[in-house]
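I need the structure of the sequence given here:
(one chain, ligands or ions: 2)
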Amino acid sequence: MTTPVIEAEELGKDHISHFLRKRFTAVDRLNLQVMRSETYGLLGLNGAGKTTTLKLMLGLLRPTRGRVSVLGYPAGHRRALGRIGFLPENPYFYSYLTGREFLDFAGQIFGLPGAERRKRVQALLKMVSLTEAAGTAIRKYSKGMMQRLGIAQSLINDPEIIFWDEPTSGLDPIGRRDVRLILLSLKEQGKTIFFNSHLLPDVSEVCDRVGVLHRGVLVGEERMANITGGGGHYRNLEDYFLDCINRAEEDGKAVPKAG
Ligand SMILES: Nc1ncnc2c1ncn2[C@@H]1O[C@H](COP(=O)(O)OP(=O)(O)O)[C@@H](O)[C@H]1O
Ligand SMILES: [Mg+2]
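Numbering: from 1, shown residues only. Ligands and ions are numbered 1, 2, ... in the order given. Down below sits the predicted model:
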């Protein structure tokens, strides 16, 4: 784990708020490195800037300031795009297709030849427990099934790096467990995984390292082992997370003195 495969340097993004009609900074001076085979969880409250960060890494948004590279290429470079997988926050599906047809279509986009594609689709359906539902139209899928299909789609090109945006949000406890188990098996395969979440219990079991993003600023970064490993001064991930946010708020604002 010595080569950074994702590297953000002084990365910043301003959005135009249509509501307030002015620019505001969604991500500010972000410095972050993810090593090969590492599982990194970017945590933050809603609106913290997590999705913006992920989109910058994928090249879906252009940085206002700074740089970000993936696998040694500037974000969005086509040589890197073929080697990464992406699960968006709200995946869009052609609902009249079956699960199998959708994955086959995703494989075609990556130019996988027929025989290899069929093998890969079969293996992924099995991995996300959708073999039995493979011939059913997606519009009949539950939220959990759709999320698992989105996960399978993100793996169709056997990517080296997996970018997942809120993989467990909107799922019931069983759906969340399923996603966690898939994540753990990918981790065992040595994949690099970068994901966003605001659901702390889903993160603590799977991450090697976490970052806490608050109002666009990385206000904490730590190895999970130092947070939950005992001996440290945090009881659990939630404790660490709240501590980071509270400290950032205190540093950023004048705190009225008592008395
Ligand atoms: N395309 C956009 N245009 C304008 N504002 C945006 C856009 N995308 C996100 N934002 C705003 O930027 C902030 C960060 O959003 P986001 O990155 O989606 O946060 P998170 O994923 O952590 O919930 C929010 O205030 C959000 O409303
Ligand atoms: Mg988001």
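
Domain-wise, how is the chain divided?
Following automatic domain parsing, one finds the domains of the chain at 4-83+161-252, 93-158.

Which among those is found nearest to ligand 2?
Nearest of these to ligand 2, taken as CB to the ion: domain 4-83+161-252 at 3.2 Å. For the C-beta atoms, the positions are set from N, CA and C on the backbone; glycine is no exception.

does any part of the closest one sit near ligand 1?
Yes. Interface with ligand 1: domain 4-83+161-252 contributes His15, Ile16, Ser17, Ala26, Gly44, Asn46, Gly47, Ala48, Gly49, Lys50, Thr51, Thr52 (CB under 6 Å from any ligand atom).

Please state the offset of that domain from the chain centre?
6 Å (CA atoms, centre = their mean, to the nearest Å).

For the protein, which segments count as strands?
Remark: strands assigned in the chain by DSSP state E are 4-17, 22-35, 39-43, 65-70, 73-74, 84-87, 161-165, 192-197, 209-214, 217-223.

Mean neighbour count, mean pLDDT and distance to Asp178 added to those strands, as TSV?
Output for these, formatted as TSV (neighbours: other CB atoms under 10 Å; pLDDT from 0 to 100; distance: least, CB to CB, whole Å):
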stretch	mean neighbour count	mean pLDDT	distance to Asp178
strand 4-17	18	94	26
strand 22-35	18	94	24
strand 39-43	24	96	17
strand 65-70	19	97	27
strand 73-74	13	96	33
strand 84-87	22	95	14
strand 161-165	23	96	14
strand 192-197	24	96	15
strand 209-214	23	96	22
strand 217-223	18	95	26
